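Visitor: show me the folded form of this:
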Amino acid sequence: IWDVRPFAGGRNRCLRVLRGATHNFEKNLLRVRWSQKDALLAAGSADQNVNIWDMRQLQLAYRLPGHTGSVNEVCFHPREPIIASASSDRMVFMGELAD
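Guide: Numbers count the residues shown, from 1 in each chain. Next comes the predicted model:
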C-alpha cells in the first residue's frame, strides 16, 4: 500500500506490504477495490482467483477460485457483504462474505 499524496512527507512511501497472493510477470494482480469502510481489499488476478485481504489483520482472508480466465474486475456491494467478480471467461460470479 503506497502513499500517493503529492506532498506526503518522508522518503519511504510504501506503508504496508500485503502477502498471500502469488503473482509474477505472467500472473499479475489486475484490479484492486476497497470495501465500504476500508475493512477489506480485493484484487482480481490473472491466476483466475479473487484474493481478499482483511485490512484489520493485514492478512489474506479469502482466495476465491472458480473462474477459468483472468479476473479483470472485482466489486463490493455498497451495503451488504457481497462481492462480484468478472473474468475473461465471460462469467460474473457473486458471493457472500462472512462478517
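
Visitor: so who does residue 18 touch?
Guide: 1, 41, 53, 58-60 (C-beta atoms under 8 Å, 6 or more residues apart in numbering). The way it works is simple: take the backbone N, C-alpha and C, and place the C-beta from them, glycine included.

Visitor: so where do the strands sit in the chain?
Guide: 29-34, 40-45, 50-54, 59-64, 71-76, 82-87, 92-96 (DSSP state E).

Visitor: can you tell me the strand partners of the first one and which way each runs?
Guide: Here strand 29-34 is paired, per DSSP bridges, with strand 40-45 (antiparallel).

Visitor: and the strand it pairs with, which residues are buried?
Guide: 40-45 (16 or more other C-beta atoms under 10 Å).

Visitor: if we take the contacts of residue 18, which one ends up nearest to residue 20?
Guide: Among these, residue 60 lies closest to residue 20 (C-beta to C-beta), at 2.9 Å.

Visitor: now that closest one. Nearest residue, chain neighbours left out?
Guide: Leaving aside its sequence neighbours, residue 60 sits nearest to residue 20 (C-beta to C-beta, 6 or more residues apart in numbering; 2.9 Å).

Visitor: as JSON lines, the contacts of residue 18 with pLDDT would be great.
Guide: Below are those laid out as JSON lines (pLDDT from 0 to 100):
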{"residue": "1", "pLDDT": "76"}
{"residue": "41", "pLDDT": "93"}
{"residue": "53", "pLDDT": "93"}
{"residue": "58", "pLDDT": "88"}
{"residue": "59", "pLDDT": "91"}
{"residue": "60", "pLDDT": "92"}
